[in-house]
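[1] generate a structure from the sequence data that follows.
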Amino acid sequence: MQSYSDKLGNPFLLIHRSIIVNLEHVRRFNANSVVMSNNEEYPIGRSQSKSFKDVYAGYVLEEIQGRG
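    Residues are numbered from 1 along each chain as shown. This next block holds a predicted model:
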């Protein structure tokens, strides 16, 4: 799955060994899961948790700067 995620690139991100999400549709998250715009909730793998937070924070900052 990591190779698929790498090929897709931004805004897609692997958050669990079998789950790739589109960051444009993330509405909220906590340490264990992410809730998407359609209210589906997906687990965040322990090994992807810190990476998800870092990548998502960078994505949000890019979006904010792009609007300004």
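[2] where does pLDDT dip in this protein?
    Judged by pLDDT under 70, the chain has its weakly predicted residues at 68.
[3] which stretches of it form helices?
    If you assign secondary structure with DSSP state H, the helices in the chain sit at 2-8, 49-67.
[4] and the first one, what does it pack onto?
    Counting contacts by 3 or more C-beta pairs under 8 Å, 6 or more residues apart in numbering; DSSP states H and E, helix 2-8 is packed against strand 12-16, strand 19-22. Every C-beta, even on glycine, is put in place using the N, C-alpha and C of the backbone.
[5] circling back: okay, the helices of the chain in JSON lines with distance to R17 and mean neighbour count next?
    Below are those laid out as JSON lines (distance: least, C-beta to C-beta, whole Å; neighbours: other C-beta atoms under 10 Å):
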{"stretch": "helix 2-8", "distance to R17": "9", "mean neighbour count": "11"}
{"stretch": "helix 49-67", "distance to R17": "13", "mean neighbour count": "12"}
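[6] for I15, which of those is the nearest?
    Using C-beta to C-beta as the criterion, the shortest distance between I15 and the helices of the chain is 5.4 Å, found for helix 49-67.
[7] other residues contacting that closest one?
    Residues outside helix 49-67 that contact it (C-beta atoms under 8 Å, 6 or more residues apart in numbering) are 10-11, 13, 15, 23, 26, 29, 31-32, 34, 44.
[8] select only the buried ones of the residues you listed in PyMOL?
    Selection of buried members from the contacts of helix 49-67 for PyMOL, criterion 16 or more other C-beta atoms under 10 Å:
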select buried, resi 11+13+15+23+26+29+34+44
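[9] F12 reaches H25, doesn't it?
    No. Distance between F12 and H25: 10.4 Å, which falls outside the contact criterion (C-beta atoms under 8 Å).
[10] that older thread, adding distance to E40, write the helices of the chain out as JSON lines.
    What follows is the helices of the chain, written out as JSON lines (distance: least, C-beta to C-beta, whole Å):
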{"stretch": "helix 2-8", "distance to E40": "18"}
{"stretch": "helix 49-67", "distance to E40": "16"}
